[in-house]
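Peer 1: Could you look at this predicted model? Sequence included:
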Amino acid sequence: MERRVFLGLAAAGLLAGCGGFRESRINPRNWFGRSRSRRREAATAEPGTNPLIPEQEESGLFDSLRKRGKDVPYAGTPVAEISALEVERATGGAIVRVRGLAAQQDIHDVRLIPGTPDAEPVDGILGYELRAVHPPLSTATELRPREVQAAVFVSDKTLESVREIRVRGLRNERLSRR
């Protein structure tokens, strides 16, 4: 019993002596020292400029793609055939999901383009066109059809005046009515 008491007191004495470790150079948290505050020099900005906007345009890996997308309009053409149209309820509206068959392989950038510029229904009909960017026929390796999908969210506000959703392709169109 005396041995346990002696070892306990010795351990407590050692731990009490380690209180200086927090302030020592052995502690990795002290390697950079304490932070200090100092006065910052005022930035010399021209009046009317925003210091948060960089003065020159930064160049990055994807900047050429971003610039190209802004200058070039969408070059999609209608997909050959619309094979399915589904309208699924979602929070705050509905998701219009469309599947179509393209006439060839290697198509990309599939989109549902609204029939009107502001995507508003006309006479209770909300129209879309399924489009994709097709490569020239000479570069396609196979002329088998390829299934593509696209979806768009339609808000409840827009759906209030809609009684029919119509999606057009090159050869056909599909309708979904209330």
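Peer 2: Ah, there it is.

Peer 1: Phe6: which element?
Peer 2: Using DSSP states H and E, Phe6 sits in helix 2-17.

Peer 1: which strands and helices sit next to that helix?
Peer 2: Of the remaining helices and strands, none touches helix 2-17 by 3 or more C-beta pairs under 8 Å, 6 or more residues apart in numbering; DSSP states H and E. Glycine gets a C-beta too; all of them are placed from N, C-alpha and C.

Peer 1: partner residues bridging Arg89?
Peer 2: Taking DSSP bridges as the rule, Arg89 bridges to Ala94.

Peer 1: That one and Arg146, how far apart?
Peer 2: 29 Å (C-beta to C-beta, to the nearest Å).

Peer 1: more neighbours, those two?
Peer 2: Neighbour tally, Arg89 and Arg146, criterion other C-beta atoms under 10 Å: the higher count belongs to Arg146, 16 against 10.

Peer 1: do you know how far that one is from Glu81?
Peer 2: Look at Arg146 and Glu81: by C-beta to C-beta, they are 11 Å apart.

Peer 1: Now do the shared contacts for the two.
Peer 2: Residues touching both Arg146 and Glu81 (C-beta atoms under 8 Å, 6 or more residues apart in numbering): Leu101.

Peer 1: which stretches of this structure form strands?
Peer 2: 77-78, 81-90, 93-102, 108-114, 125-133, 146-155, 164-168, 173-177 (DSSP state E).

Peer 1: Just the pLDDT for the nearest residue in space to Arg99 that is not next to it in sequence.
Peer 2: Nearest non-adjacent residue to Arg99, counting by C-beta to C-beta, 6 or more residues apart in numbering: Ala84, 4.2 Å away. pLDDT, Ala84: 90.

Peer 1: tell me the contacts of Ala84?
Peer 2: Per C-beta under 8 Å, 6+ apart, neighbours of Ala84: Arg97, Val98, Arg99, Arg174.
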